[in-house]
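A.B. asks: Need a 3D model of the sequence below.
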Amino acid sequence: MSGGGAERVVVDLAHGFFDKGLDFDMLLVRKQGPYINQLPPEINLVDLQARHTSSAIFALSRYLRHFRPEVVLSAMNYANVIVLLARGLARVKTRIVVSEHNAFSFWIKNPPNLRTQLMLRGLMRITYPKADTIVAVSRGVADDLARSIGIPRKKLRVIYNPIRLDHILAKTNEAVDHPWFHSDEPPVILSVGRLHPQKDYPNLLQAFSLVRINVKARLVILGEGKERPRLVSLAKELNIAEDVDMPGFVENPYKYMALSKVFVLSSKFEGFGNVLLEAIACGCPVVATDCPSGPREILEVTGVGRLVPVGDPESMAKAILEAMEKGEKKEPNLRPFLLENVVKQYMEVCGL
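C.D. replies: Numbers count the residues shown, from 1 in each chain. I've put the predicted structure just below:
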């Protein structure tokens, strides 16, 4: 349960299923990660005690053979492949619903390792047709997956990621222990996500350097990852280091969103862009790149926010300045993303 967007979605769905009174186990490759303590304490966590997702296949197969659950819902492509292979090994009739959370054709260009890149597409072509249902978290992800691995588009079901609105709003009331978020300080521009090339934070830093020419402001990026040294170096090179802070991963980003002047998603690609929707729910004006896929759909449905081209710091800076000056006057449409509505859709595809 690492600190990514897909993992946060799993936590939210777990709360939704629990609130519906469903009896379920949560299977984890390893029982570790920052989101473990955010799960409902009453649910049963099954630790497969595997070193990697791929090495969990035999433990998972034994679980399926022994407990014979009615349905398994899995998330993210490599886990989906292992679940489908494990069902074959177990020789059980458990219904398998797999969910795809990223634009695969973009993700596969920057895989965790070369082995993954060489093997995953082929394994997905073999296993995904055997799933009882394939869920994509946006129309863009569904279209991309159909093209990438040759699945008929009509076999994919689009279900948007949920937000636990009451939970988010309650979390916005917690105090922020950061000196830049005091009322007498310059406005803060916020971004949240792993420090990873996918998020294109160099583009955001360049845009922020242009914003700084026009107004006094500060930039906070919440998240951790391998790009930290590069981003620290670039901030110094752009002479903005004193107004940029990267505090690392935080369990509650919502209290920061509620106090920020603008939220920015600068990604090269996404599957959905959970943090963008969460920032909207917190009442923060948003700027997002028109990347594949998710941000455009979120802004179209909610009716708020500003889209800019990918990798264009000038356009991003202009949109940030406009958002700082004008704010957001409309009330967003959040109904399609509310947890109770999303859970109903998942229960339907799971046959519950």
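
A.B. asks: Kindly provide the distance from the residue lying closest to residue 222 once chain neighbours are set aside to residue 28.
C.D. replies: Excluding its sequence neighbours, the residue lying closest to residue 222 (Cβ to Cβ, 6 or more residues apart in numbering) is residue 192, at 4.5 Å. Glycine gets a C-beta too; all of them are placed from N, C-alpha and C. Per Cβ to Cβ, to the nearest Å, residue 192 is found 24 Å from residue 28.

A.B. asks: The two: who's more crowded?
C.D. replies: Neighbour count, other Cβ atoms under 10 Å: between residue 192 and residue 28, residue 192 has more, with 25 against 19.

A.B. asks: Going by residue numbers, what spans are helices in the stretch 251-352 of the chain?
C.D. replies: Using DSSP state H, counting those that start in this stretch, the helices of the stretch 251-352 of the chain run over 254-259, 274-281, 295-302, 313-326, 339-349.

A.B. asks: swap that for the chain, sorry
C.D. replies: Ranges of helices within the chain are 5-19, 57-67, 77-90, 104-107, 114-127, 139-149, 165-171, 201-214, 228-237, 254-259, 274-281, 295-302, 313-326, 339-349, based on DSSP state H.

A.B. asks: can those go into JSON lines with extra columns for mean pLDDT?
C.D. replies: As requested, those are exported to JSON lines (pLDDT from 0 to 100):
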{"stretch": "helix 5-19", "mean pLDDT": "90"}
{"stretch": "helix 57-67", "mean pLDDT": "96"}
{"stretch": "helix 77-90", "mean pLDDT": "95"}
{"stretch": "helix 104-107", "mean pLDDT": "79"}
{"stretch": "helix 114-127", "mean pLDDT": "80"}
{"stretch": "helix 139-149", "mean pLDDT": "92"}
{"stretch": "helix 165-171", "mean pLDDT": "96"}
{"stretch": "helix 201-214", "mean pLDDT": "97"}
{"stretch": "helix 228-237", "mean pLDDT": "98"}
{"stretch": "helix 254-259", "mean pLDDT": "97"}
{"stretch": "helix 274-281", "mean pLDDT": "96"}
{"stretch": "helix 295-302", "mean pLDDT": "96"}
{"stretch": "helix 313-326", "mean pLDDT": "97"}
{"stretch": "helix 339-349", "mean pLDDT": "97"}
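
A.B. asks: Tell me which of these lies nearest to residue 158.
C.D. replies: Ranking these by distance to residue 158, with Cβ to Cβ as the measure, places helix 139-149 first at 5.3 Å.

A.B. asks: now the angle between helix 295-302 and the closest one, please.
C.D. replies: Per axes from the mean of the first three to the mean of the last three Cα atoms, to 10 degrees, the angle that helix 139-149 makes with helix 295-302 is 150 degrees.

A.B. asks: For residue 134, see how far away residue 190 is.
C.D. replies: With distances taken as Cβ to Cβ, residue 190 is found 34 Å from residue 134.

A.B. asks: Check residue 125 too.
C.D. replies: 13 Å.

A.B. asks: And the two? Which one has more around it.
C.D. replies: Neighbour count, other Cβ under 10 Å: between residue 125 and residue 134, residue 134 has more, with 21 against 13.

A.B. asks: tell me the contacts of the closest residue to the more buried one other than its chain neighbours?
C.D. replies: Leaving aside its chain neighbours, residue 134 sits nearest to residue 156 (5.1 Å; criterion: Cβ to Cβ, 6+ apart). Contacts for residue 156 (Cβ atoms under 8 Å, 6 or more residues apart in numbering) come out as 134, 135, 136, 142, 145, 146.

A.B. asks: Tell me how many other residues surround residue 315.
C.D. replies: Residues lying near residue 315 (other Cβ under 10 Å) number 18.

A.B. asks: so what's it closest to, chain neighbours aside?
C.D. replies: With sequence-adjacent residues excluded and distances taken as Cβ to Cβ, 6+ apart, residue 315 is closest to residue 308, at 4.3 Å.

A.B. asks: Right, I'll call it a day here.
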